[in-house]
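Peer 1: Got a predicted structure here, sequence first:
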Amino acid sequence: MSLRPLQDRILVERVEETSKTKGGIIIPDTAKEKPAEGKVVAVGNGRVGDDGSLVPMELKVGDRILFSKYGGTDVKIDGNDYLIMRQDDVLGVVE
Amino acid sequence: MSLRPLQDRILVERVEETSKTKGGIIIPDTAKEKPAEGKVVAVGNGRVGDDGSLVPMELKVGDRILFSKYGGTDVKIDGNDYLIMRQDDVLGVVE
Amino acid sequence: MSLRPLQDRILVERVEETSKTKGGIIIPDTAKEKPAEGKVVAVGNGRVGDDGSLVPMELKVGDRILFSKYGGTDVKIDGNDYLIMRQDDVLGVVE
Amino acid sequence: MSLRPLQDRILVERVEETSKTKGGIIIPDTAKEKPAEGKVVAVGNGRVGDDGSLVPMELKVGDRILFSKYGGTDVKIDGNDYLIMRQDDVLGVVE
Amino acid sequence: MSLRPLQDRILVERVEETSKTKGGIIIPDTAKEKPAEGKVVAVGNGRVGDDGSLVPMELKVGDRILFSKYGGTDVKIDGNDYLIMRQDDVLGVVE
Amino acid sequence: MSLRPLQDRILVERVEETSKTKGGIIIPDTAKEKPAEGKVVAVGNGRVGDDGSLVPMELKVGDRILFSKYGGTDVKIDGNDYLIMRQDDVLGVVE
Amino acid sequence: MSLRPLQDRILVERVEETSKTKGGIIIPDTAKEKPAEGKVVAVGNGRVGDDGSLVPMELKVGDRILFSKYGGTDVKIDGNDYLIMRQDDVLGVVE
């Protein structure tokens, strides 16, 4: 069972905080708006503009992302926790 | 008797919560904005942009959807409960 | 004497609540935003976009509609009560 | 001396309330937003969109209109009272 | 020394209230939003839309206008008082 | 060392108030929103619209401008005070 | 490990305040909205308009920028502090 996000939404699996202890991206405690890390597991087809043209997604399945903590809706599928959010809530791709 | 939604609206039949006990999508109690599950029973023709072009619907009749609980208007047709909402209130399609 | 609505407005005759006792659409008391039923008696020519193109109306005279109770302006013409509202205040067409 | 309204504005002469006693349009006291009746005495050239195209006026001089009471600016020209309002404040044309 | 207004702005010389005693336009004391009278002494080139097209001005130098009292910025040039406002604050042209 | 403003921003050098005693533009104390005078020392390339077209700047380096006091950000470059503001905060060009 | 910003976002390395003592740009204490200085270390592909056209970035990697202090999200990558912000939060490029 899976969930196909609509339009410019993505389905994200949150990455465990413990994986950050070995270097990489750390969110400082003093940060005003703390971002979180996750993995894209499904992407929508993209936003459709007023003139009917499709704006393709910049993200793809498998992308490791940094996203704003105030975006997204929690959902549990087959016992796993996911987040559904709009691509615009994503700050960047970890490479 | 039925209801044909206007523009980018859809008619949704809420799916009973009890059907979720056998695996699948569960909305955690700790979720900030809890989504709900439903089945699309009718779709509008789509939104019409400022230049007169039609933006077709991404959803179709029969789609099993996850939608935001704060969207939609309750209505009872022939004794059954439905919700009328805009496609934009739909988070994704359950597959 | 009649009233021709401007742009994307329609003139609606409210349908009596008593006509709903024989099945059909019933608005539950628990509904957050209760819609109402009506009959379209006149429609405008449609909204005109910024580039001058006309967006034609999806509704036509005679349509039985469900509309949001918070839309529309009451008016009395030749002793009868009507409502003037924008097409966007209409949720769907009863068929 | 006269006033030529700019863009999508119109100049309206308010119609006396007493003319409504012989049938026609009556605004009920219970109406939430009471519209008023008037006669169009001058119209602007129309709104100009972002791409420079002119959106022509749907109203013309002589039209008998119903308009929202919360729109418009009072002005007195050569001793007569008028209202300047945008076409969008007009609900419909009385025919 | 003069001031060339930018974009869709105009430079306006306020017309003295005393000139209104011999007929013409009078603003009633009961008016909710009282307009004022003025003469256009300079006009900008016009607003530029998102696609780069210029929306030409409807007003020209010498036009006698009625404008909303809540628009505009006072400025004194070579000892004379003027107002800088956007064309959209102008209700109509006195003819 | 200099600063190149981004998009539709300009860099402005404030003009000393004392230069206004010999005629020219004076801002009355009674003005609701007092504008200030300045000289354009750098201009951006212009705003880019949604369709990718560039909207060129109306202002150029050397222009003497009147701008709204509530716009702009103070910055000191090589010991001199400047303001960075959007072209839309500029009321007009002094000629 | 690095971060590729999405759309019109950039990754910025804050420039130490001490580097400003030898001339250059100084933000006065009296400034209402104090800007900060930084260096662009990564840029997104640019914003995508409603019609699907890409609006390219005006900034490039290596640009020394002045940005609004109220924009951006703090993030730590491989032990270094960065800011993710939209290009629109950038006031200008130091040259």
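Peer 2: Yep, it's here.

Peer 1: Would you tell me what helix or strand the residue positioned nearest the centre of chain A is located in?
Peer 2: The geometric centre of chain A, computed from its C-alpha atoms, lies nearest to A:Val12 (CA atoms, centre = their mean), at 4.5 Å. Using DSSP states H and E, the element containing A:Val12 is strand A:9-14.

Peer 1: wait, does that strand contact chain G?
Peer 2: No. Judged by CB under 8 Å from any CB of the partner chain, strand A:9-14 stays clear of chain G, getting no closer than 11.1 Å. Heads up, the C-betas are built off the backbone N, CA and C, glycines and all.

Peer 1: which other residues reach that strand?
Peer 2: Here strand A:9-14 makes contact (CB atoms under 8 Å, 6 or more residues apart in numbering or on different chains) with A:3, A:5, A:36-44, A:57, A:59, A:65, A:67, A:72, A:80-87, A:90, B:91-92.

Peer 1: on that earlier part again, okay, and the beta partners of the residue nearest to the centre of chain A?
Peer 2: Taking DSSP bridges as the rule, A:Val12 bridges to A:Val40, A:Leu83.

Peer 1: same thing with A:Gly92?
Peer 2: Beta-bridge pairing of A:Gly92, defined through DSSP bridges, involves A:Leu66, G:Pro5.

Peer 1: separation between A:Asp63 and G:Lys39?
Peer 2: 26 Å (CB to CB, to the nearest Å).

Peer 1: Now do the helices in chain A.
Peer 2: Assigned by DSSP state H, the helices in chain A number zero.

Peer 1: By mean pLDDT, flag the weakest helix or strand of it.
Peer 2: Taking mean pLDDT, DSSP states H and E as the measure, strand A:25-26 is the helix or strand of chain A with the lowest mean score, a mean of 60.

Peer 1: Okay, buried residues for stretch A:67-84 please.
Peer 2: Along stretch A:67-84, these residues count as buried under the neighbour rule (16 or more other CB atoms under 10 Å in any protein chain shown): A:67-68, A:71-75, A:77, A:82-84.

Peer 1: Check what pLDDT the residue of chain A most remote from its centre gets.
Peer 2: Most distant residue from the mean C-alpha position of chain A: A:Asp51, 27.1 Å away (CA atoms, centre = their mean). We have a pLDDT of 78 for A:Asp51.

Peer 1: and what of A:Val75?
Peer 2: 87.

Peer 1: wait, what's in contact with the residue nearest to it when sequence neighbours are not counted?
Peer 2: In this structure, A:Val75 finds its nearest non-sequential neighbour in A:Tyr82, 5.3 Å apart by CB to CB, 6 or more residues apart in numbering or on different chains. With contact taken as CB under 8 Å, 6+ apart, A:Tyr82 is in contact with A:3, A:11-14, A:41, A:74-76.

Peer 1: residue ranges with poor pLDDT in chain A?
Peer 2: Residue ranges of chain A with pLDDT under 70: A:1, A:16-34.

Peer 1: from what I can see A:Ala36 touches A:Arg64, true?
Peer 2: No. Using CB atoms under 8 Å, A:Ala36 makes no contact with A:Arg64, being 11.9 Å away.

Peer 1: Not counting sequence-adjacent ones, nearest residue to the residue in chain A that chain C sits nearest to?
Peer 2: Taking CB to the nearest CB as the measure, chain A has A:Asp50 as its residue closest to chain C, at 9.2 Å. Of all residues not flanking A:Asp50 in the chain, B:Gly49 sits nearest, at 3.6 Å (CB to CB, 6+ apart).

Peer 1: so the one you found sits right up against B:Val55, yeah?
Peer 2: Yes. The criterion here is CB under 8 Å, and B:Gly49 meets it with B:Val55 at 6.1 Å.

Peer 1: Check the contact lists of these two and give me the overlap.
Peer 2: Common neighbours of B:Gly49 and B:Val55 (criterion: CB under 8 Å, 6+ apart): A:49-50, A:52.

Peer 1: Looking at those, state which has the most neighbours.
Peer 2: Most neighbours among those, by other CB atoms under 10 Å in any protein chain shown: A:Gly49, with 19 neighbours.

Peer 1: so who does that residue touch?
Peer 2: Taking CB under 8 Å, 6+ apart, we find A:Gly49 in contact with A:55, B:49, B:55, G:49-52.

Peer 1: Quick check: the farthest pair among the residues you listed?
Peer 2: Pairwise distances among the contacts of A:Gly49 were taken by CB to CB; the largest, 15.6 Å, belongs to B:Val55 and G:Gly49.

Peer 1: what number of residues lie near A:Arg14?
Peer 2: For A:Arg14, the tally of surrounding residues (other CB under 10 Å) stands at 16.

Peer 1: Tell me which residue of chain A lies closest to chain F.
Peer 2: Closest point on chain A to chain F, by CB to the nearest CB, is A:Gly49, at 9.1 Å.

Peer 1: So what does that residue have for phi and psi?
Peer 2: A:Gly49 has phi and psi values of phi -70, psi 170 when expressed as degrees, to the nearest 10.

Peer 1: separation between it and chain D?
Peer 2: Distance from A:Gly49 to chain D, counting by CB to the nearest CB, to the nearest Å: 16 Å.

Peer 1: Repeat that for A:Leu6.
Peer 2: Shown here: A:Leu6 relative to chain D, a distance of 29 Å by CB to the nearest CB.

Peer 1: who are the neighbours in contact with the residue lying closest to A:Asp63 once chain neighbours are set aside?
Peer 2: The shortest distance from A:Asp63 to any non-neighbouring residue, by CB to CB, 6+ apart, is to A:Val40 (4.4 Å). By CB under 8 Å, 6+ apart, the residues touching A:Val40 are A:10-12, A:59-65.

Peer 1: Tell me who's in contact with A:Val55.
Peer 2: A:Val55 makes contact with A:8, A:46-49, G:48-50, G:52, according to CB under 8 Å, 6+ apart.

Peer 1: hmm, try it at 7 Å
Peer 2: By CB atoms under 7 Å, 6 or more residues apart in numbering or on different chains, the contact set of A:Val55 is A:46-47, A:49, G:48, G:52.

Peer 1: Now, those that are in strands?
Peer 2: Mapping these onto strands (DSSP state E) picks out A:47, G:48.

Peer 1: What is the burial count for A:Arg4?
Peer 2: Counted by other CB under 10 Å, the residues lying close to A:Arg4 total 17.

Peer 1: I figured it was touching B:Leu91, is that so?
Peer 2: No. If you go by CB atoms under 7 Å, A:Arg4 and B:Leu91 don't touch, sitting 10.2 Å apart.

Peer 1: pretty sure A:Asp50 is touching B:Arg47, no?
Peer 2: No. Between A:Asp50 and B:Arg47 there is no contact under CB under 7 Å: 8.2 Å.

Peer 1: shared neighbours of these two, anything?
Peer 2: Taking CB under 7 Å, 6+ apart as the contact criterion, A:Asp50 and B:Arg47 have no common neighbours.

Peer 1: hang on, the earlier thing: biggest separation within the buried residues of stretch A:67-84, which pair?
Peer 2: Among the buried residues of stretch A:67-84, A:Ser68 and A:Ile77 lie farthest apart (CB to CB), at 21.9 Å.

Peer 1: thought A:Gly38 was touching A:Leu66?
Peer 2: No. Counting by CB under 7 Å, A:Gly38 sits too far from A:Leu66 to count as a contact (8.1 Å).
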